[in-house]
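Novice: Below is the sequence, then the predicted model.
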Number of protein chains: 2
Amino acid sequence: MIADVVAFIVEIDKLKAVTRKVKPLGPLNPDRYENPAEHSWQIALLAWSLAPFAESSVEINRVIKLLQVHDIGEIDTGDTMAFVTEGVAERKQAERVAVERIFGLLPAAQGREMLALWEEFEDERTPEARLAHAADRAMPVLLNLANNGQSWRENGIAYDRVVARVGPQIHAGCPALWEYLRARLEAAKLDGWFGIPG
Amino acid sequence: MIADVVAFIVEIDKLKAVTRKVKPLGPLNPDRYENPAEHSWQIALLAWSLAPFAESSVEINRVIKLLQVHDIGEIDTGDTMAFVTEGVAERKQAERVAVERIFGLLPAAQGREMLALWEEFEDERTPEARLAHAADRAMPVLLNLANNGQSWRENGIAYDRVVARVGPQIHAGCPALWEYLRARLEAAKLDGWFGIPG
């Protein structure tokens, strides 16, 4: 029923109110944190543009779909702090409850498809999910590199922590992107954009 | 080259600073206008959810891609006022110049594909482009219907103008959605959510 689609699309509007840790780039942007809705759009375009550089051949249409749905659980859970390592299993479980609720608003076929794609992203076993994770991890790094390390500075995040957090997944999904980013992260470290390890 | 992809993805971050006429739904959302980046994400999900209701069978993956790229020209032109009817050809020409510049940042194959999809959306001749337009036109209506007619009230937009603006394209792409919306727009009219025709 159309009304079910409408209930879903109105519900997911709430994703525009969730805040992430990076800000859109200046100078034209208002000084605010980005939200997972605009982030999901941007990483779909990033993954799509990177497809020829993926670690293996990917079905790019599925990558784009994975990225459209991957953050929808944050409507209930909020942005899962990018650099917090505790409680990952609990947070993932809470996100699963959230997406079952939200995709459950849709007609059954559409809801099932989106839930299956959310699970594929989480499981990170297909080349498509790996490229999707690479784009998801790389995007805040690219914004920070274009913005004097904004979220690293604000949260006192050390260089080694960034590399440990994003390196393996970016490398697994898109090796050439990691090669590029590693060099830029090194340069940013020399420029003093990171917090002191402690 | 990865650096070309990065130049593109940093450039399109500017879409987050463009403002549309509708606001994200409250009460949690900050009081701001939505931007075409988060809008592009939301209508991809709307079109995808509506695919079984489309006027003819569609390749939904292409619909999603059309919607990811369709507003990128607004980085240079701003949001083309939804209810302004003059100067459409000039604005479209300006958007074309913009997307040629922006997609031109990408490696040639990716840039060509995105430009072709932008053109397919604009030409509105394929079932995919028609469903994409239906979603694009319906989304601000759905937000207004969930938000006391916010952008209609703020801009004094009359009921007949909304119906004339969005009806034909929503009906062409997704007849069942138009049937649903027509009834809700009638009810909103009775509730006094529109401006006086003048």
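Specialist: Cool, got the structure. Just so we're clear, the structure is a prediction, and the values are computed from it rather than from any experiment.

Novice: so what's the spatially most central residue of chain A closest to, chain neighbours aside?
Specialist: Taking Cα atoms, centre = their mean, the centroid of chain A lies closest to residue A:136, which sits 3.4 Å from it. Spatially, and ignoring its direct neighbours in sequence, residue A:136 is nearest to residue A:43 (5.5 Å; Cβ to Cβ, 6 or more residues apart in numbering or on different chains). C-beta here means a position set from N, CA and C on the backbone, and glycine is covered the same way.

Novice: Repeat that for residue A:61.
Specialist: Residue A:61's closest residue in space is residue B:61 (Cβ to Cβ, 6+ apart), at 3.6 Å.

Novice: doesn't residue A:125 fall inside a strand?
Specialist: No - counting by DSSP: H, G, I helix; E, B strand; the rest coil, residue A:125 is not part of a strand but coil.

Novice: What ranges does chain A have for its helices?
Specialist: With DSSP state H as the definition, chain A shows helices at residue ranges A:2-11, A:36-50, A:60-69, A:74-77, A:88-103, A:108-123, A:127-145, A:150-155, A:159-173, A:175-190.

Novice: Which stretch among the ones you listed approaches residue B:90 most closely?
Specialist: helix A:36-50 (26.9 Å; Cβ to Cβ).

Novice: Just the CA coordinates for the closest one, please, in PDB.
Specialist: Taking C-alpha atoms only, helix A:36-50 is exported to PDB below (Å, rounded to 0.1, in the frame of the first residue of the first chain):
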ATOM      1  CA  PRO A  36      23.800  10.300   8.100                       C
ATOM      2  CA  ALA A  37      21.200  11.200   5.400                       C
ATOM      3  CA  GLU A  38      23.500  13.500   3.400                       C
ATOM      4  CA  HIS A  39      26.500  11.200   4.300                       C
ATOM      5  CA  SER A  40      24.700   8.200   2.800                       C
ATOM      6  CA  TRP A  41      24.200  10.200  -0.500                       C
ATOM      7  CA  GLN A  42      27.800  11.300  -0.600                       C
ATOM      8  CA  ILE A  43      29.300   7.800   0.000                       C
ATOM      9  CA  ALA A  44      27.100   6.300  -2.700                       C
ATOM     10  CA  LEU A  45      28.700   8.700  -5.100                       C
ATOM     11  CA  LEU A  46      32.100   7.900  -3.700                       C
ATOM     12  CA  ALA A  47      31.700   4.200  -4.000                       C
ATOM     13  CA  TRP A  48      30.300   4.500  -7.500                       C
ATOM     14  CA  SER A  49      33.300   6.700  -8.600                       C
ATOM     15  CA  LEU A  50      35.700   4.200  -7.000                       C
END
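
Novice: and that helix with helix B:88-103, angle?
Specialist: Helix A:36-50 and helix B:88-103 are oriented at 60 degrees to each other (axes from the mean of the first three to the mean of the last three Cα atoms, to 10 degrees).

Novice: could you give me the average pLDDT of helix A:36-50?
Specialist: Mean per-residue pLDDT for helix A:36-50: 98.

Novice: Now do that helix against helix B:60-69, angle only.
Specialist: 110 degrees.

Novice: just for chain A, where's the confidence low?
Specialist: For chain A, applying pLDDT under 70 flags the ranges A:29, A:80-85, A:197-198.

Novice: picking that back up, Provide a list of residues in contact with the residue nearest to residue A:61.
Specialist: Shown in contact with residue B:61 (Cβ atoms under 8 Å, 6 or more residues apart in numbering or on different chains): A:61, A:64, A:65.

Novice: Switch these over to TSV; also include distance to residue A:86.
Specialist: Formatted as TSV, the contacts of residue B:61 follow (distance: Cβ to Cβ, whole Å):
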residue	distance to residue A:86
A:61	36
A:64	32
A:65	31
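
Novice: quick check, nearest of those residues to chain B?
Specialist: Nearest to chain B out of the contacts of residue B:61 is residue A:61 (Cβ to the nearest Cβ; 3.6 Å).

Novice: ok, that closest one to residue A:68 distance?
Specialist: 11 Å (Cβ to Cβ, to the nearest Å).

Novice: which residues do the two both contact?
Specialist: With Cβ under 8 Å, 6+ apart as the test, residue A:61 and residue A:68 both reach residue B:64.

Novice: about what we covered before: between the helices of chain A, which one is closest to residue B:180.
Specialist: So among those, helix A:2-11 is nearest, using Cβ to Cβ, at 4.3 Å.

Novice: helices or strands up against that closest one?
Specialist: Here helix A:2-11 touches helix A:88-103, helix B:36-50, helix B:127-145, helix B:175-190, going by 3 or more Cβ pairs under 8 Å, 6 or more residues apart in numbering or on different chains; DSSP states H and E.

Novice: and those, which is most packed in?
Specialist: helix B:36-50 (a mean of 27; mean count of other Cβ atoms under 10 Å in any protein chain shown).

Novice: same for that one, what does it pack against?
Specialist: Using 3+ Cβ pairs under 8 Å, 6+ apart, the elements in contact with helix B:36-50 are helix A:2-11, helix A:36-50, helix A:60-69, helix B:60-69, helix B:127-145.

Novice: now the last one, how far from the centre of its chain.
Specialist: For helix B:127-145, the separation from the chain centroid amounts to 7 Å (computed by Cα atoms, centre = their mean, to the nearest Å).
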